[in-house]
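J.: 3D model of this:
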Amino acid sequence: MPSETDNPRVYNGAYGLCRDASSRLLLVRITDGLDKGLWTLPGGGIEWGEHPDDAVIRELKEETGITDVRSLQITALYSHKYLRSENFPYDSVHHIGIIYDLTLGNFDLRFEQDSSTDRCEWFTESQVRQLPLAPIVEFAVNLVWPQS
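T.: Presented below is the predicted three-dimensional model:
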C-alpha cells in the first residue's frame, strides 16, 4: 500500500498491437526514465478530454510515423501497480492501459526524434522474447503468442 509520504496517482494509456503480414509485432524503444532501454507497444498517455481511440492513433503517429489506421478494436485492459520502493523511488502509480488491435494501411516507419522513444522496429516472436520488455509488453506478448 502507498505510504504516508506517497502521492499515488493513476496513469491511463492507450496502446496498439500492430502486426504485419508475417505476424511480426511492432515495438518502440523507451529513451528515458526508469524504463529507459526497454521495448514497449506504440502508445502512451491519454490527454485530458481525449478519447482513447484518438490517443492511440496520435501516439502511433508520433512514435512511428504511421497515420493510416484502417481499423482498431479494444483487445484487452492492462492493470499494473508500481508501488513506491527502493527500486521505484517515485510516487506509486496505477498504470491502466487500453490495448487495441490495429489494422494498418500503407506506411513508412520513421523514428521519433527527441522524445520518449527513439526506435521502432518489427520483431518476430522469438526476437521479442529475447528483448528487454516493459511490463505491458510482457502482458501483450501473451495476447499475440499465447504460451502453450
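
J.: CA only for contacts and neighbour counts going forward, please
T.: Noted.

J.: where are the low-confidence patches of the chain?
T.: 1-5, 148 (pLDDT under 70).

J.: Just give me the residue closest to the centre of it.
T.: residue 41 (3.2 Å; Cα atoms, centre = their mean).

J.: how about the strands in this structure?
T.: For the chain, the strands defined by DSSP state E occupy 9-18, 25-30, 39-40, 43-45, 69-82, 93-104, 117-123.

J.: Residue 111: which of the ones you listed is closest?
T.: Distance to residue 111, taken as Cα to Cα, is lowest for strand 117-123 among the strands of the chain, at 5.1 Å.

J.: give me every residue that touches residue 6.
T.: Each residue near residue 6 by Cα atoms under 8 Å, 6 or more residues apart in numbering is listed here: 84, 91, 92.

J.: neighbours of residue 66, just the number please.
T.: The number of residues packed near residue 66 is 19, by other Cα atoms under 10 Å.

J.: From residue 74, how far out is it?
T.: For residue 66, the distance to residue 74 (Cα to Cα, to the nearest Å) stands at 19 Å.

J.: what do you get for residue 13?
T.: Applying Cα to Cα to residue 13 and residue 74 gives a distance of 13 Å.

J.: quick one: common contacting residues for these two?
T.: With contacts taken as Cα under 8 Å, 6+ apart, the residues that reach both residue 13 and residue 74 are residue 98.

J.: So for these two, which sits in the more crowded spot?
T.: Taking neighbours as other Cα under 10 Å, residue 13 and residue 74 compare with residue 13 leading, 20 against 16.

J.: Leaving out chain neighbours, which residue sits closest to the more buried one?
T.: Leaving out its chain neighbours, the residue that sits closest to residue 13 by Cα to Cα, 6 or more residues apart in numbering is residue 45, at 4.2 Å.

J.: neighbours of the one you found, just the number please.
T.: Neighbour number of residue 45 under other Cα under 10 Å is 18.

J.: and stretch 109-119, which residues are buried?
T.: Under the neighbour-count criterion of 16 or more other Cα atoms under 10 Å, stretch 109-119 has 110, 111, 112, 116, 117, 118, 119 buried.
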